[in-house]
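> A predicted structure for the sequence below; I have some questions about it.
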Amino acid sequence: MPLYTVTTSDGLLSAQQRDVIAAELVRIHTAAMNVPANFVHSIFPTYPRSHAYVAGERSAVSSIVGVIRAGHTPEEKTRLVQSLWKMFQEKTGVSDRDLAIALQEVPASQAMENGGVMPELEREKERS
Amino acid sequence: MPLYTVTTSDGLLSAQQRDVIAAELVRIHTAAMNVPANFVHSIFPTYPRSHAYVAGERSAVSSIVGVIRAGHTPEEKTRLVQSLWKMFQEKTGVSDRDLAIALQEVPASQAMENGGVMPELEREKERS
Amino acid sequence: MPLYTVTTSDGLLSAQQRDVIAAELVRIHTAAMNVPANFVHSIFPTYPRSHAYVAGERSAVSSIVGVIRAGHTPEEKTRLVQSLWKMFQEKTGVSDRDLAIALQEVPASQAMENGGVMPELEREKERS
């Protein structure tokens, strides 16, 4: 972890924008969460145009859902979400109304990346 | 929040059905959870036909996954899930076998919508 | 539950591979978690090629996210994740670097499948 899923309307992001956002996800996550870059996975699925809504009205909603390892403080997670929000808006111009970001925590024992079950965050901190 | 992701097989829903379901998500969620309509986001991704299974057999599974703010009672969440189930079946005719619905809770401090980190549910209740 | 979402790059999996993986998800999950097969739902969405990254570099990431009923032990969940990992690599040849798997737990009271809210795991164990 983390696994970031950045979902946007088909055609919203250019390849270059995706490249930049993927690099920014690595930069922001490794800085905030102290995780090596090669654990940062991101996927950019698209949905067909006009397949999203705000308050029941069609709108090109973008969402970022990050599945992260449990154990960070609320302050760390709030700062991470705020950094992601700012970055995504700077790179895309998407409005406040059309963006939703959430972090979902998963205990390290029930996730695998790079071939291994990740250590719990506390244990890792003690080691370093 | 909430962010509802309604995933269906390509071609299952018409544009009109999506419009109706998106409106119903707003109606049901705002009534059950006491949230303003403009916080209700929904995305309707599709998957290629024959890309879903029940019990290992190809079947046009539909799923609704709602990322909601943590803090509601189990009774409120059960009622919400049941309302969503009933509504989706009424609007689509999808069978019990082909539908799965789950609510995932995220603490308000690790999510953003409409440009701000949401208040915790308890604090908000005290204020109102 | 469970609801497994197996996300891959467009064209990575053949129909036959999806069939085999869906059957394996049922076999592994029912054995590990003691759930009837007809509760095992799986969806295989695809994303457009070049829409995923590891460490900021384009890479054909595959992910398996399982939404499961809360209440299993950490050991059970770790074993499940490891079995899924091994199976997926055997069937696809995807590298350690390009795979991410996580289990997300949802209390039974806030999910529905096959037309009913699922019983809590503890209560069910007592009954059986």
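Happy to help now that I have it.

> pull the residues that contact stretch A:56-65.
Here stretch A:56-65 makes contact (Cβ atoms under 8 Å, 6 or more residues apart in numbering or on different chains) with A:4-9, A:12, A:49-50, A:52-54, A:84, A:88, A:92, A:94, A:97-104, B:3, B:19, B:22-23, B:25-26, B:37, B:40-43, B:67. (C-beta placed from N, C-alpha, C; glycine too.)

> which non-adjacent residue is nearest A:Thr46?
In space, and not counting its chain neighbours, A:Thr46 is closest to A:Asp10: 4.3 Å by Cβ to Cβ, 6 or more residues apart in numbering or on different chains.

> who in chain A is up against chain B?
Applying Cβ under 8 Å from any Cβ of the partner chain, we find that chain A lies next to chain B at A:7, A:45, A:47-48, A:50-56, A:58, A:61, A:63, A:65, A:74, A:77-78, A:80-82, A:85, A:96-97, A:99-105.

> now the buried members of these.
Buried members of the residues of chain A next to chain B, scored by 16 or more other Cβ atoms under 10 Å in any protein chain shown, are A:7, A:45, A:47, A:51-56, A:61, A:63, A:65, A:77-78, A:80-81, A:85, A:97, A:99-105.

> helix or strand with the lowest mean pLDDT in chain A?
Least confident helix or strand, chain A: helix A:121-127 with a mean of 55, by mean pLDDT, DSSP states H and E.

> narrow the contacts of stretch A:56-65 to those in helices?
Among those, DSSP state H puts A:84, A:88, A:92, B:19, B:22-23, B:25-26 in helices.

> including neighbour count, could those go into JSON lines?
Shown next, in JSON lines, are the ones in helices among the contacts of stretch A:56-65 (neighbours: other Cβ atoms under 10 Å in any protein chain shown):
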{"residue": "A:Leu84", "neighbour count": "24"}
{"residue": "A:Phe88", "neighbour count": "22"}
{"residue": "A:Thr92", "neighbour count": "18"}
{"residue": "B:Asp19", "neighbour count": "16"}
{"residue": "B:Ala22", "neighbour count": "26"}
{"residue": "B:Ala23", "neighbour count": "17"}
{"residue": "B:Leu25", "neighbour count": "25"}
{"residue": "B:Val26", "neighbour count": "25"}
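
> next up, the contacts around A:Arg18.
Per Cβ under 8 Å, 6+ apart, neighbours of A:Arg18: A:6, A:44, C:51, C:53.

> same check on A:Ser95?
A:Ser95 touches nothing, counting by Cβ under 8 Å, 6+ apart.

> for stretch A:5-16, which outside residues touch it?
A:18, A:21, A:25, A:42-49, A:51-52, A:60-67, A:88, A:92, A:94, B:5, B:43, B:45, C:7, C:50.

> span of it from start to end?
End-to-end distance of stretch A:5-16: 17 Å, with Cα to Cα, to the nearest Å as the criterion.

> how about it: buried residues?
Buried residues in stretch A:5-16, counted by 16+ other Cβ under 10 Å: A:5-9, A:12-13.

> flag the shaky bits of chain A, pLDDT-wise.
A:122-128 (pLDDT under 70).

> what about 50?
A:126-128 (pLDDT under 50).

> could you dump the ones in helices among the contacts of stretch A:56-65 into CSV and include distance to C:Val117?
Listed next are the ones in helices among the contacts of stretch A:56-65 as CSV, based on distance: Cβ to Cβ, whole Å:
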residue, distance to C:Val117
A:Leu84, 34
A:Phe88, 36
A:Thr92, 39
B:Asp19, 28
B:Ala22, 24
B:Ala23, 25
B:Leu25, 19
B:Val26, 23
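
> closest one of the residues you listed to B:Met112?
Using Cβ to Cβ, A:Leu84 is the member of the ones in helices among the contacts of stretch A:56-65 that sits closest to B:Met112, with 8.1 Å.

> tell me the contacts of A:Trp85?
A:Trp85 is in contact with A:99, A:101, B:112, B:115, counting by Cβ under 8 Å, 6+ apart.

> tell me how far it lies from chain C.
Relative to chain C, A:Trp85 is positioned 19 Å away (Cβ to the nearest Cβ, to the nearest Å).
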